[in-house]
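Trainee: Provided below for reference: sequence and predicted model.
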Amino acid sequence: MILYLDTETYSAIPIARGVHAYAEGVEIMVATYAIDDGPVEAIEFPARGDLEELIDGADIVVLQNSHFDRTVMRHALGVQLSPSKVYDTMVGALAHSLPGSLSSLCDVLGVAADKSKDKAGKQLIQLFCKPQPAGRKIPRATTATHPEEWARFIDYAKSDISSMREVYKKLPRWNYDIGHPEHRLWQLDQLINDRGFAVDTDLVAGAIRAVTQEKARLADCTVELTDGELASTTQRDATLLYVLKAYGWALPDLKADTVERALSDDEIPADLRELLRIRLQASTSSTAKYKKLTSAVSKDGRLRGSLQFAGAMRTARWAGRVFQPHNLPRPTIKRNEVEMAIDAMKLGCEDLVTPNIMDAASAAIRGCIVSSPGKKLIVADLSAIEGRVAAWLAGEEWKLQAFRDYDDGIGPDLYCVAYGRAFNVDPLSIDKETSEGFLQRQIGKVMELMLQYEGGVGAFLTGAETYGIDLDAMAIAAYPTLPEWVIEEASNFWVWQKKLGNTHGLSRDVFIVCDALKRLWRAAHPHITGTWPALRDAAIGVVHGAEEQQVGLLSFSKQNAWLKMRLPSGRFLCYPSPRFAPGKRECSVCTGKGLFQEDERTKTCPLCEGVGEIDDNRSSISYMGVNQFSRRWDRIKTYGGKLFENATQAAARDVLALGMEAAEAAGYELVLTVHDENLTECPDTDDYDADTLAQLMTSGADWTAGLPLAAEGFEAKRYRK
């Protein structure tokens, strides 16, 4: 028997504070349900026994966003619904690269839904599910105060059941279903979300106080520096105008990297330098997470519901919710300074230990995650997992061996290896303690982090902002070391891109160095670079009707309106409604992009006088998905490097999942997973240690054969980076 179930609830606590905080004041007003293909029924103010009888008699309970319903039923009625018998249509959609909301799913899957009724339903939710605005005679709308609206509200709730039932029938089952390995993993995810992690609420309160006081002080300093013309440097447009009028400096924006570049100019006036320093401190946005913690923590001091299973569409990696633990800032101060700042903020004397309170508060956010009394945190992180998986998927054997040598303690780290491979230098000769060796390793790091997925010059800009790398300084140091052949190729490319206006705003030397490093990295990774077009061609072939196409450990197939990429784990990456788009011709000599129109067979290239011919390598493939910018269901173009990125990140996620299940089974209670890191809370005894957790996370499975895995961890009472 399949039970389709939904609840409508009321709480004076805003849902924006998170499901678990909301549920501490929740009341279930209505439960709507249907059994198999039977009629939709509604139970108003259901008694515990009503729901329990329905749930106990069901083989499968279908819910949309079941974490909400399970949580409110537990809090409001004491009803425990085990995830083992739950099919969550939102999770089923996300696991197959479909949008998670019910209304969007209805649109995508062609499930009939009355849009005007949906709009009216949202108005009814505002009426019945939330307190009325202050000043109203009736503080809360009920069936007694609004009987006609209540009847429409019940009808609206019933319509959700009908929609959910149709969605359930139409969703694929390749990656998620009752009994599927991904369903078992989702049950672990639900356990982690229900368990939550302990929060140092004293630190949260101390940090909020410290940040509030410091922002007020910085605002006072701004008023004094500008003679009252600026109230705060957080006023972007007003600050830019003031800097231009008062100092004649035309800054394009006030982004952190722009301000830091301005501060590096020796000619900057002292007052302007101080004003920009204030801007950097006052604009630290990560401290807003402290306020979110205050509102979202449950009464027992734990934060729950901070993970979304398959929240990263396509790859099914976990995404953060509520507190957003996946985008915590990287500390800019040393660990001992962070620990001192934490103690000082809790005591109210942070100004005695740090000159930059905003940076200290930002660096201390991780420290809000702590262990419960009598327990400890054991944390482990998979080492360079994307680089390892990429080399494994592509069969880049020299790199896999380099990882094995490093793990065995007989080889250099991979950033040194990357530099040595590109520049034909013995990586063992790179002394990271010297300025030259440090720079060589940094260049290797830049290449490894930015070029793995067919990235070019533009990828360096993204990586520089993410990792705080000075591209100008890198170019000055790297240019003299580049081989002549690569300088010549990169110089020709610079001329061509300058004509097209595609220089990314970079100077000639910086552009040439970035492009040269790209070429050196690609020359050193023939199997990875060869995998990019192979994946694209395989995908295009399948879309054109070819049988299953194998590319190393990956394979493509097409089923109805879906392009599927099979991962080594057996899970599929899903690309709905794929299409093929032919590319433009390129010069066969200099590969000037976009030079030739599709209907031209030949044309003289103005750059090198080569002859242009059709280059199928520029052909692309597209599919339907959620646009990351507009958040709408739209057509998205992809290419070989992006397909490789999807596969690499998804396979790395599957490795992480293996370790999560192994750790939980061994008694290491997971409280959070962040990127490639697992956080567990264990008894504070010698029976649990970081080395064991690292071993569990790298135990692998039959399908990971040949993949070198490593992890490192630590034990602490407080989470840190």
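Mentor: Nice, thanks for sending it over.
Trainee: ok, so what distance separates the most centrally placed residue in the chain from Ser372?
Mentor: Taking CA atoms, centre = their mean as the criterion, Ala319 is the residue nearest the geometric centre of the chain, at 5.6 Å. According to CB to CB, to the nearest Å, Ala319 and Ser372 sit 26 Å apart. Where you see a C-beta, it was placed from the backbone N, CA and C, and this is true even at glycine.
Trainee: now swap in Lys255 and tell me
Mentor: Applying CB to CB to Lys255 and Ser372 gives a distance of 40 Å.
Trainee: And the two? Which one has more around it.
Mentor: Ser372 (16 against 13; other CB atoms under 10 Å).
Trainee: Just give the closest residue to the more buried one, not the sequence neighbours.
Mentor: Nearest residue to Ser372, sequence neighbours excluded (CB to CB, 6 or more residues apart in numbering): Ala198, at 4.8 Å.
Trainee: Now do the contacts for that neighbour.
Mentor: Neighbouring residues of Ala198 by CB atoms under 8 Å, 6 or more residues apart in numbering: 301-302, 369-372, 681.
Trainee: Can I get the buried part of the residues you listed as one ChimeraX selection?
Mentor: Of those, the buried ones go into a single ChimeraX selection, burial set by 16 or more other CB atoms under 10 Å:
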select :302,369,370,371,372,681
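Trainee: closest to Phe128 among the contacts of Ala198?
Mentor: When the contacts of Ala198 are ranked by distance to Phe128 (CB to CB), Arg302 comes first, at 30.0 Å.
Trainee: looking at it, Cys574 is touching Arg173, isn't it?
Mentor: No. Between Cys574 and Arg173 there is no contact under CB atoms under 8 Å: 11.7 Å.
Trainee: related to what we said a few turns ago, among the contacts of Ala198, which lie within strands?
Mentor: 302, 369-370, 681 (DSSP state E).
Trainee: What distance do you get for Arg236 to Leu225?
Mentor: Distance from Arg236 to Leu225, by CB to CB: 17 Å.
Trainee: who has more neighbours, these two?
Mentor: Shown here are Arg236 and Leu225; by other CB under 10 Å, Leu225 has more neighbours (18 against 13).
Trainee: The closest residue to that one other than its chain neighbours is in what secondary structure piece?
Mentor: In space, and not counting its chain neighbours, Leu225 is closest to Leu275: 5.4 Å by CB to CB, 6+ apart. Using DSSP states H and E, Leu275 sits within helix 270-282.
Trainee: Go ahead and name everything in contact with that helix.
Mentor: 214-215, 218-219, 221-222, 225-226, 232-234, 239, 243, 246-247, 249, 254, 256, 259-260, 262-263, 268, 356-359.
Trainee: Would you indicate which residues of it are buried?
Mentor: Buried-residue list, helix 270-282, by 16+ other CB under 10 Å: 272, 275-282.
Trainee: Can you tell me which of the residues you listed is nearest His675?
Mentor: When the buried residues of helix 270-282 are compared for distance to His675 (CB to CB), Leu280 wins out at 26.0 Å.
Trainee: May I see the ChimeraX selection of the buried members of the contacts of helix 270-282?
Mentor: Selecting only the buried entries of the contacts of helix 270-282 in ChimeraX, with 16+ other CB under 10 Å as the criterion:
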select :214,215,218,219,221,222,225,226,232,233,234,239,243,246,249,254,259,262,268,356,357,358,359
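Trainee: picking that back up, pLDDT score assigned to the residue nearest to Ser372?
Mentor: Looking at Ala198, its pLDDT stands at 98.
Trainee: same check, this time on Asp599
Mentor: Reported pLDDT for Asp599: 37.
Trainee: now Leu595
Mentor: pLDDT at Leu595 comes out at 43.
Trainee: State the helix or strand in which the closest residue to Ala690 other than its chain neighbours lies.
Mentor: Excluding its sequence neighbours, the residue lying closest to Ala690 (CB to CB, 6+ apart) is Gly713, at 3.4 Å. Using DSSP H and E, Gly713 sits within strand 711-716.
Trainee: Return the mean pLDDT over that strand, rounded to an integer.
Mentor: Strand 711-716 comes out at a mean pLDDT of 97.
Trainee: pull the CA atoms of it into CSV?
Mentor: Taking C-alpha atoms only, strand 711-716 is exported to CSV below (Å, rounded to 0.1, in the frame of the first residue of the first chain):
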residue,chain,number,x,y,z
ALA,A,711,42.7,11.3,4.2
GLU,A,712,43.9,13.3,7.2
GLY,A,713,42.1,14.2,10.3
PHE,A,714,42.3,15.6,13.8
GLU,A,715,40.5,15.5,17.2
ALA,A,716,39.3,18.6,18.9
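Trainee: Pull the residues that contact it.
Mentor: Against strand 711-716 from outside (CB under 8 Å, 6+ apart): 371, 376-383, 659, 689-691, 693-695, 697-698, 720.
Trainee: Among the residues you listed, which ones are in helices?
Mentor: Mapping these onto helices (DSSP state H) picks out 659, 690-691, 693-695, 697.
Trainee: got the contact list for Lys292?
Mentor: 322-324.
Trainee: how about 6 Å then?
Mentor: Applying CB atoms under 6 Å, 6 or more residues apart in numbering, we find Lys292 in contact with Phe323.
Trainee: what's the pLDDT at Ile268?
Mentor: The model reports Ile268 with a pLDDT of 88.
Trainee: Which of the three states applies to it?
Mentor: What DSSP: H, G, I helix; E, B strand; the rest coil gives for Ile268 is coil.
Trainee: so how far is Gly248 from it?
Mentor: 11 Å.
Trainee: re earlier: pull out the buried members of the contacts of strand 711-716.
Mentor: Among the contacts of strand 711-716, the ones that count as buried by 16+ other CB under 10 Å are 371, 376-383, 659, 689-690, 693-695, 697-698, 720.
Trainee: Could you list the buried residues of stretch 306-322?
Mentor: 306-311, 313-322.
Trainee: And it, end to end?
Mentor: End-to-end distance for stretch 306-322: 6 Å, by CA to CA, to the nearest Å.
Trainee: Run through who's touching that stretch.
Mentor: By CB under 6 Å, 6+ apart, stretch 306-322 touches 18, 91, 94-95, 97, 186, 189, 193, 296, 305, 323, 325-326, 573, 646, 649-650, 653, 673.
Trainee: State the mean pLDDT of that stretch.
Mentor: On average, stretch 306-322 scores 94.
Trainee: I'd like the numbering to begin with 10 instead of 1 from here.
Mentor: All right, first residue 10 from here; so that's stretch 315-331.
Trainee: how many other residues sit next to Pro408?
Mentor: No, residue 408 isn't Pro; it's Lys. Around Lys408 there are 25 residues (other CB under 10 Å).
Trainee: got it, and the one 4 residues further on?
Mentor: The burial count assigned to Phe412 is 23, neighbours taken as other CB under 10 Å.
Trainee: List the contacts of the nearest residue to it once chain neighbours are set aside.
Mentor: Spatially, and ignoring its direct neighbours in sequence, Phe412 is nearest to Pro717 (4.5 Å; CB to CB, 6+ apart). Going by CB under 6 Å, 6+ apart, Pro717 touches 397, 412-413.
Trainee: looking at this, Pro717 is in a helix?
Mentor: No. Looking at Pro717 with three-state DSSP, it is coil, so not inside a helix.
Trainee: rewinding a little: higher neighbour count, Cys583 and Arg182?
Mentor: Taking neighbours as other CB under 10 Å, Cys583 and Arg182 compare with Cys583 leading, 22 against 12.
Trainee: the helices in the stretch 360-509 of the chain, which residues?
Mentor: 366-372, 394-403, 406-416, 423-432, 444-459, 466-476, 480-487, 493-509 (DSSP state H, counting those that start in this stretch).
Trainee: I'd like the ones in strands among the contacts of Ala207 laid out as TSV, including pLDDT and distance to Asp435.
Mentor: Formatted as TSV, the ones in strands among the contacts of Ala207 follow (pLDDT from 0 to 100; distance: CB to CB, whole Å):
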residue	pLDDT	distance to Asp435
Arg311	98	51
Ile378	98	42
Val379	98	45
Glu690	98	45
